[in-house]
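Chemist: requesting a structural model of the entry that follows:
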Amino acid sequence: MADVSESKLYDFNEGIPDFQDALVVLVKTEWNAAVVDALEEGAIRVLRRNGLRTETLLVPGAVEIPFAIQHYWNSVKKKDRPAAFIALGCVVRGDTPHFEYVCQAVTQGVTGLNLELPVPTIFGVLTVNNQEQADERIGGRHGHKGEEAGITALKMIHLSRRLKKRNEG
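Modeler: Numbering: from 1, shown residues only. Alright, predicted model coming up:
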């Protein structure tokens, strides 16, 4: 089982870069709203503490997340495009194979966006067996996955900008 204490996610070895006026768009699901709202709050807390702007889009379920992200990207003017997206949801295993289909679809969709778009899409979708596991991931013994998604967005924006500068130089 993944444990954040085994990660260097919270380390900012290169210092915190200037993210002034950068926008991160969070796309969250309506299902399991209490958990997803907590994920959103954690991500926003981290992003705003580091000077980023946020916008949230609401979609019915996890399968709709990739569509919303791609449609948002294609519908805004170039100067208004975000520096990153964060996909937020919580899929809880049930008695049917539906869980596997939903998890596979959203995972493939976010992976495809990361390969297609020039900005990162952070995977902040919990895929859990029960409510207890979800609760452990919004401030419980497994950390706060919303905050971790926010930190991941910061690090990926920084990486993207660093690589862009390298290509320009």
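Chemist: which element is Leu57 on?
Modeler: strand 53-59 (DSSP states H and E).
Chemist: pull out the buried residues from that strand.
Modeler: Neighbour counts using 16 or more other C-beta atoms under 10 Å place Thr54, Val59 of strand 53-59 among the buried residues. Glycine gets a C-beta too; all of them are placed from N, C-alpha and C.
Chemist: residues making contact with that strand?
Modeler: 21-30, 40, 43-44, 47-48, 65, 67-68, 72, 82 (C-beta atoms under 8 Å, 6 or more residues apart in numbering).
Chemist: so Asn32 sits right up against Arg93, yeah?
Modeler: No: Asn32 lies out of contact with Arg93 (C-beta atoms under 8 Å); the separation is 12.0 Å.
Chemist: so for those two, which residue has more residues nearby?
Modeler: Asn32 (20 against 14; other C-beta atoms under 10 Å).
Chemist: let me know the pLDDT of that one.
Modeler: Here, the pLDDT recorded for Asn32 equals 97.
Chemist: now it: closest residue in space that isn't a chain neighbour?
Modeler: Cys90 (3.9 Å; C-beta to C-beta, 6 or more residues apart in numbering).
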